[in-house]
Each structure stands twice: as C-alpha cells, then as structure tokens.
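Engineer: Provide a 3D model corresponding to the input given below.
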Amino acid sequence: MNRIFAELNRRGVLRTGSAYIVLSWLMLQVSGILVPAMELPPVVLTVTGWFLIFCFPFVVLASWLIDVTPDGIVLTKTLEQQAVQHSQDTEMARSVIDLGTSPTGFAAQSLLSGQKSIAVLPFTDMSAQHDQGHLADGVAEEVRNRLSATAGLHVIGRSSSKAFAGKREDPREIGKLLHVHYILAGSISRAADKLSIEARLIRVDSGFQLWAKSYDRSLKDIFDVQEEIAITIARELGVSANIRQKEDAPQRLTGNEGAYSLYMRARNLMTHRIDTGLEEAISLLEQALKIDDNFARAWAALAEAHVASTVHLNKRLSEAQAAAERCCRQAIAIDQSFAAPHAVLGRIFMQHRAYTAMQESLNTALTLDPDDTTALHHAGMAMISVGRLSEAAQLYQRLHDIDPMMPFALSGMAISRLLTGDLDAAEAYALRVAALGFGPALLTLADIAWLRQDLEKAAELQDRAMKAGLVHEFTAEQISILSRSIYFEDRKEEALHIVDEYVRDPAPETEGFAPVMLLRLGRIEEAFDIFARNKFAFDSYFLAALWSPSAADARRHPAFRDFVKRIGLVDYWRQYGWAHHFKPVSDTDFEVV
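Structural biologist: Now for the predicted structure:
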C-alpha cells in the first residue's frame, strides 16, 4: 500500500486529483450563484456537476501517464525507466569527468594543494507547476559567478555541475567525481511574487552539512538573496575577505526581475535546445533589453546568439556579424571589465580574418578573466584556426579543468589531440562529447576513422555529421554522395560535379563546406582560391582541416605559401608565433617541419 501511495505521489496524481476536486467545488459554488441570477434552468447546474464527475477519471489518468516539463509534455517514466536513466546519466557523468581529470588536472590539484574548491549544483524547482527552472538555474548561476570571482576558491563550471541536475546522487560521490571539497545545493519555489529559497553547504569528505538556511522573500529581492548566499558561503569557507562586495562588483546584471527572468529563459534555450530554440532565445533577450538596456549580460548573450545564428538559423554571415558586434560594443560600454564580449569580438574578427585584432581582443578577455569559459573556448578555437596547436591544447585543457563536461571543452580537447596526432586521446574525448549529443564531434570521429583506414566507418560518420544540421549548402542526397566521395573513388566524379555546379552559382555567405570538399577531393589550389575570395561561417573548419595529419599534401602544395600570405596568416604568425607545422627561415618565408 505504501508503495502504491508513493507512486501516486511521484506521478503527481494525488496533487492533481486534489486540485481538480477543489477547482470543481469552486466551479459548482459559482454556478450555484450564477444559474439562478441569470435565470438559467436548474438542469444546467446538474449537467455541470455530472460533467465534472465524468472528467475526473480522465484527469487522473492523464496525470498518471504524462508530465508537463520545461521541454514540453512527455510520458512519465516508470520507476524502472527512471532508475535506468539515472544510472546511465550518472555513468556518463563519471566517464566524461574522469577523462582528463587525473591528479595532474587543475581541479584535482586544488585538492592536493589545499586550495578550497566547490561545485554549485543546480537548484531544484519545487514550485507547484515546476515551471520556474530558469529561475532556479539563475540563482545557482549567479551564486556561482560571485564565488568564481573569489581569490583562493576554485569553482567548478556550469556544465559539469548541471550534469547532476535532478539526480539523487550522494553529495560525497558528486564531490569526488568533480574533485571538489564542498557542494552547495538548494531548492527554490515561487507562488505569485513570493519566493522561497533553501540553500545548504555540504563537506564532501564527511557528507556533513556545514550550513543551511531558508529565505522567504519577495521576487524583487532575488538579487539580494543571491548576494547574501555567496557572501555567507565565502565566509563559511574562510575566503570572505577575497569576495568582491556588491558595490565593487561590475554592473553586469539587471535590477529588474522581469528582464532577468527573460534572460534566464533565453540562456536555458541556448544551453539545452539551441537547434530549435535559438530564434526564441534571441526574441527573449531582445525583450529583456527593451526592459533594461543597461543589462550587460543580456547584450553579451545576444551577441553569442547572433554568432550562432549563422549555423542554426542559416542567417547571412555579414548580418549576423554586424548584429553580434553591436551587442558586444554595448556590453563593453556598460562594463569594460567584462571578458565575454571581448572574446566574442575575437571570434568575429577571426571570421573577418583580421587576425591581429582577433588576438588583441582574446588577449584582453583572458587578461580580464583567465577562467572565463567563453573566452577560453573562443581563444582555443582561434588558436586551432591559425595553426598554433600547442597553445590551443593548453587553452582547452584549462577549459576542461574548469568545466570537464562542457561540450566545447571536450570537443576542443578532441580536435587539438587529433591535429597533434594523438588519435587514441582524440577518440576518447570525441566519443564522450558525441554521447552528449554534440554533432560536430562526429566529424572528428570521421577523421580518426579515416586516418586508421576504416573508410566505411569514416564515410558513415561524415554523412551523419553533415546531415545533423551542419551543412545547408547541399541536399541530403548530395551529402551522401559527397561523404562517400571523400574516401572512395566510385563517387568522386559525381561529387566533383556537384561541387562545381555549386561553385558556379553559390548561395551568398554560406557555411563554406564547398572549399573543404575541394580540399578533400584533391583540388587543392582551387580550394585555396575559393576560400581566399570569400568569407564563410565555418572558416575554422577549413583552416582546422589544413592542420590535420591527413592534409600534409595541402601544406606542401606550391600554392600554400601564397594562400596563407593572402589571407593574412603569415603576418599574424610573424607577430604572435608560428603555426605548429612551420618554422621561419627569414622575415618573409618559412618551411614545413
């Protein structure tokens, strides 16, 4: 009997049934007043009552079968399914986090060196309708941001902490997986404008709860609560002298709860459903900025969204870049010490092939905040694009140490290992990020299969990657032909015809997969010329392909020197350091090593 009651409660049947009965009683009371007043026949009241009774079992059945979640209406999992999913999610978290977080990693070193470390887990949404997930995430994120700016405290990144959202994992086990000393967990519930937040600090080695407190406030006080929690945690950990006070902190947030709620909803969409939710996220951020145009975080997020729109919404590159740059300038004008918009500017300059400006923006971002995940990701991608593979590996290692489950961190680790020839490590990272649903990792796995001469597997992975929304220039049938032609001669002539037809009448400012195909199909000089004459959203994909072990012939091609000079890379290398495969022989020339 207890098990049945627990299952009814887990599926929300008791809560839904009780709410339906109360609502039905209220409707009958109102009907009892309105029917005589409106001189309606008494049978109306009787029919209403029987209708409500008739609907009751269907409401109960619906509450048993389905759940309403932030991602839509889904079927309720059985206890067995939930247990299996929980086990799979936990094992995935273990495998991803364990990869690369050996005792040499920064997080592990913090345990050995005595530096205090903490993971701020996503707060649980305890609201009646479970529709305040964005607000719960926002509280945890802002506390994490404040603690991250505290000297002497290592704070694990957002993606890795979020991997344990909704899991009933022992905090001690989570702490061991994340290599931290402390865990901050909590919950939030909202009723109208009333907010209830509960937070607790747990010591990992003992599982002992060091501190806990409940806050019952108005919604407009949410920012003060976040501040209070961060300062209290810093004090409990003995680093309160290092945390910046509110009056000294950059004014990147908003004081308007409506704008903040819109911002967090947009962030959730960009994090969890960027393929389908990016357009809505842009709209939400624009609404937030209409409420408060001094909201630097929203400007920076909108800049990121515009950059991503060239891939996920197939927006014109020039329009997306212009919009993103305007947003970056706005964020920087509000707060010049904000690293993220400087990093996004670096990404934009990279697409413009203004490599010196790119490096200056990225250097500024990393000087302002060496641990900013946006800055580390864009800097790592930039270093891969310009061929400085050792620097890219260091940046992505740092990003991975801070946030070992961040898809961009895992993908960057995979690519940097692939380009330096460490296929086993590259495959391990790529498999883990692919398991998280990150489509571009399939391209890395295809390259690895190619280098291992498993051509059928390489062609299949290439086809899946290109059809996963990465390429809009060709039809699905053409993609299948192109994918096979890279590895097998039987479709090469057909593939070249497809690319030649496209090159004769290209769509404006597309991803830039055509020059990549020409490079792969052996038309190296033509690939160089097309790339140099056009700007593409996927500049980094073509440039990264040049540094692959499989592209040695392209790097030794007679046209290569003129190509890299033409796009500005030689001037950049001379100023900032030469690419992995080259060494200078004079002020104006280099040789392949």
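Engineer: my guess is Ala48 meets Leu28, correct?
Structural biologist: No, residue 48 isn't Ala; it's Thr. Yes. Between Thr48 and Leu28 there is a contact under C-beta atoms under 8 Å: 6.7 Å. Quick note: C-beta positions are derived from backbone N, CA and C, even for glycine.
Engineer: Please identify which of those two sits among more neighbours.
Structural biologist: Thr48 (17 against 13; other C-beta atoms under 10 Å).
Engineer: How about the contacts made by the more buried one?
Structural biologist: Listed by C-beta atoms under 8 Å, 6 or more residues apart in numbering, the contact partners of Thr48 are 27-28, 31.
Engineer: quick one: stretch 348-367 to chain centroid distance?
Structural biologist: Distance of stretch 348-367 from the chain centroid (C-alpha atoms, centre = their mean, to the nearest Å) equals 21 Å.
Engineer: C-alpha coordinates for it, CSV please?
Structural biologist: What follows is stretch 348-367, C-alpha atoms only, in CSV (Å, rounded to 0.1, in the frame of the first residue of the first chain):
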residue,chain,number,x,y,z
ILE,A,348,34.0,37.9,-35.1
PHE,A,349,37.4,39.3,-36.0
MET,A,350,38.6,35.7,-36.7
GLN,A,351,35.7,35.4,-39.2
HIS,A,352,36.7,38.7,-40.8
ARG,A,353,40.3,37.3,-40.9
ALA,A,354,41.5,40.3,-39.0
TYR,A,355,43.8,38.1,-37.1
THR,A,356,45.8,40.8,-35.2
ALA,A,357,42.5,42.4,-33.9
MET,A,358,41.3,38.8,-33.1
GLN,A,359,44.4,38.2,-30.9
GLU,A,360,44.2,41.6,-29.2
SER,A,361,40.5,41.0,-28.3
LEU,A,362,41.2,37.5,-27.0
ASN,A,363,44.2,38.7,-25.0
THR,A,364,42.1,41.4,-23.4
ALA,A,365,39.4,38.8,-22.5
LEU,A,366,41.8,36.4,-20.9
THR,A,367,43.6,39.2,-19.1
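Engineer: quick one, what contacts the closest residue to Asp369 other than its chain neighbours?
Structural biologist: Nearest residue to Asp369, sequence neighbours excluded (C-beta to C-beta, 6 or more residues apart in numbering): Ala339, at 3.8 Å. By C-beta under 8 Å, 6+ apart, the contact list for Ala339 reads 364-366, 368-369, 372, 374-375.
Engineer: among the residues you listed, who's most crowded?
Structural biologist: Ala375 (28 neighbours).
Engineer: That one and Leu366 touch, don't they?
Structural biologist: Yes. The pair Ala375 and Leu366 qualifies as a contact (C-beta under 8 Å) at a distance of 5.3 Å.
Engineer: ok, the closest residue to Gly577 other than its chain neighbours to Ala544 distance?
Structural biologist: Spatial nearest neighbour of Gly577, chain neighbours left out: Arg388 (6.0 Å); criterion: C-beta to C-beta, 6+ apart. Here the criterion is C-beta to C-beta, to the nearest Å. By it, Arg388 lies 12 Å from Ala544.
Engineer: Between the two, which has more neighbouring residues?
Structural biologist: Ala544 (25 against 22).
Engineer: gap between stretch 498-506 and the chain center?
Structural biologist: That offset, for stretch 498-506, works out to 34 Å (C-alpha atoms, centre = their mean).
Engineer: What of stretch 346-358?
Structural biologist: Counting by C-alpha atoms, centre = their mean, stretch 346-358 comes out at 22 Å from the chain centroid.
Engineer: Tell me how many other residues surround the residue lying closest to Gln115 once chain neighbours are set aside.
Structural biologist: What sits nearest to Gln115 in space, not counting adjacent residues and going by C-beta to C-beta, 6+ apart, is His154, at 5.7 Å. By other C-beta under 10 Å, 24 other residues sit near His154.
Engineer: What is the helix or strand His154 falls within packed up against?
Structural biologist: Using DSSP states H and E, His154 sits within strand 153-155. For strand 153-155, the helices and strands in contact under the criterion 3 or more C-beta pairs under 8 Å, 6 or more residues apart in numbering; DSSP states H and E are helix 106-113, strand 116-120, helix 133-148.
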